[in-house]
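In: next come a sequence and a model predicted from it.
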Amino acid sequence: MLINFVDNHARGMIAKHLANVEIYLANPVGIGEHSDVMESIELELDHVAKYSDRIEALRSYVRDAAEILDENLNRNNKNVYNN
């Protein structure tokens, strides 16, 4: 159960930071508090890398994590395509 929580949190944070990158790319002038757009994008990508690394570490180093996450991914894909 905790393995799923860590994975879901990391994936949610990745989606959030990628959405921020998309916003910066689509409208770089509209972000008033971020004068250095490239630096802001790099910071967001650093966050993406951090959470992606957490998922990979979970899969690589935590016993049974890869199997649990694969089962959940398959189950979620079935739910998406069946609804």
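Out: Arrived safely, thanks for sending.
In: show me what the helix or strand where residue 52 lies is packed against.
Out: Assigned by DSSP states H and E, residue 52 belongs to helix 37-61. Secondary-structure packing of helix 37-61 (3 or more Cβ pairs under 8 Å, 6 or more residues apart in numbering; DSSP states H and E): helix 2-26, helix 65-82. Where C-beta positions appear, they are placed from N, C-alpha and C, glycine not excepted.
In: what about residue 26, distance to residue 64?
Out: To residue 64, residue 26 is 41 Å away according to Cβ to Cβ, to the nearest Å.
In: TSV for the helices and strands packed on helix 37-61, including mean pLDDT, mean neighbour count and distance to residue 37?
Out: TSV is the format used below for those (pLDDT from 0 to 100; neighbours: other Cβ atoms under 10 Å; distance: least, Cβ to Cβ, whole Å):
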stretch	mean pLDDT	mean neighbour count	distance to residue 37
helix 2-26	95	14	6
helix 65-82	80	12	34
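In: let's have the ones you listed in a markdown table, adding distance to residue 39.
Out: Output for the helices and strands packed on helix 37-61, formatted as a markdown table (distance: least, Cβ to Cβ, whole Å):
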| stretch | distance to residue 39 |
| --- | --- |
| helix 2-26 | 10 |
| helix 65-82 | 33 |
